[in-house]
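# I'd like to go over a predicted model; first the sequence, then the structure.
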Amino acid sequence: MPVEARAMKDLHAFLTKAQIDKMIEGCEYLMDRVLIRMLQRTGMRVSELVKPGKGRNPVLGLRVSDVLWDEHALIIRHAKRKGNPVRRIDVDVETLVILKEYLDKRPTKSEFVIPVGRQMAYLIVRRAAERVGITEVGDSLVSQRRHPHPHHLRHTFCTQAIKKSGGKLEEVARLQRYVGHANISTTMSYLDISDEEQRKWYDDLWKEEK
């Protein structure tokens, strides 16, 4: 099973903001910091960000021309839908400032914002995590291979957005559109329920019969 498919099995395998901040701070190269921050702040799929490798769909990847600086937005080519339709997503100003610094400083120009492939992106995220002591993410009951992966940053974005929304259906629908889930049930799966909440729900079902 591909690494990304394994990561997707555990939808609640995510990192905390403090962990990601440490990962970014520990990166030696500016491109690595930008890659991790972009995945964290946009929730995009890694294949929608990095340069498509040999044998990959050539239309994918975020190009410099896809950055709408004045509108604080990005144009993303959907990696999971037929024809790879584009979607427009917002991005925060601070991320754009860091992105512009990186693009201005990088020695080799490219039409792609992150001119490396998926495998290199995976190594960048994994090494950044391991440098700050994060070697496994998620639930061992779901997946035995839990190395930090770019998709965990997408999970982190979705989990944070769901928590902020309070689970309101209209907010979940906005998130679905933003991250490009084909089905809202995928987005709804990020509504994490703790064991304590589950127990309270169950007990409440039978209160009137006690």
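That came through, no problem. Numbering: from 1, shown residues only.

# Apart from its neighbours in sequence, what residue is nearest residue 38?
residue 49 (5.9 Å; CB to CB, 6 or more residues apart in numbering). For every residue, glycine as well, the C-beta is placed using N, CA and C.

# Can you list the buried residues in stretch 126-145?
126, 128, 129, 132, 134, 137, 138, 143 (16 or more other CB atoms under 10 Å).

# can you redo those residues as CSV with secondary structure, pLDDT and distance to residue 191?
CSV is the format used below for the buried residues of stretch 126-145 (DSSP: H, G, I helix; E, B strand; the rest coil; pLDDT from 0 to 100; distance: CB to CB, whole Å):
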residue, secondary structure, pLDDT, distance to residue 191
126, helix, 95, 28
128, helix, 97, 28
129, helix, 96, 25
132, coil, 94, 29
134, coil, 92, 25
137, coil, 85, 19
138, coil, 76, 17
143, coil, 65, 20
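
# Now the two most distant members of these.
132 and 143 (21.3 Å; CB to CB).

# Which of the buried residues of stretch 126-145 sits closest to residue 38?
residue 128 (13.3 Å).

# any idea how far the closest one is from residue 88?
Note on residue 128: its distance to residue 88, by CB to CB, to the nearest Å, is 28 Å.

# Next, the spatially most central residue of the chain: secondary structure please.
When CA atoms, centre = their mean is applied to the chain, the residue found nearest the centroid is residue 154 (1.8 Å). Classification of residue 154 using DSSP: H, G, I helix; E, B strand; the rest coil returns helix.

# just residue 75 next, same as before
Residue 75 - assigned by three-state DSSP - is strand.

# one step back: closest to residue 36 among the buried residues of stretch 126-145?
Distances from residue 36 to those, taken by CB to CB, are shortest for residue 128, at 6.1 Å.

# ok, now which ones touch that closest one?
23, 24, 26, 27, 32, 36, 148 (CB atoms under 8 Å, 6 or more residues apart in numbering).

# Inside helices: which ones of the residues you listed?
23, 24, 32, 36 (DSSP state H).

# Between the residues you listed, which sits nearest residue 108?
residue 32 (15.2 Å).

# Just give the number of residues close to the closest one.
Counted with other CB atoms under 10 Å, the neighbours of residue 32 add up to 23.

# same deal with residue 88?
13.

# May I ask you to confirm that the residue nearest to residue 38 is in contact with residue 37?
No. Applying CB atoms under 8 Å, one finds residue 49 not in contact with residue 37, separated by 10.9 Å.
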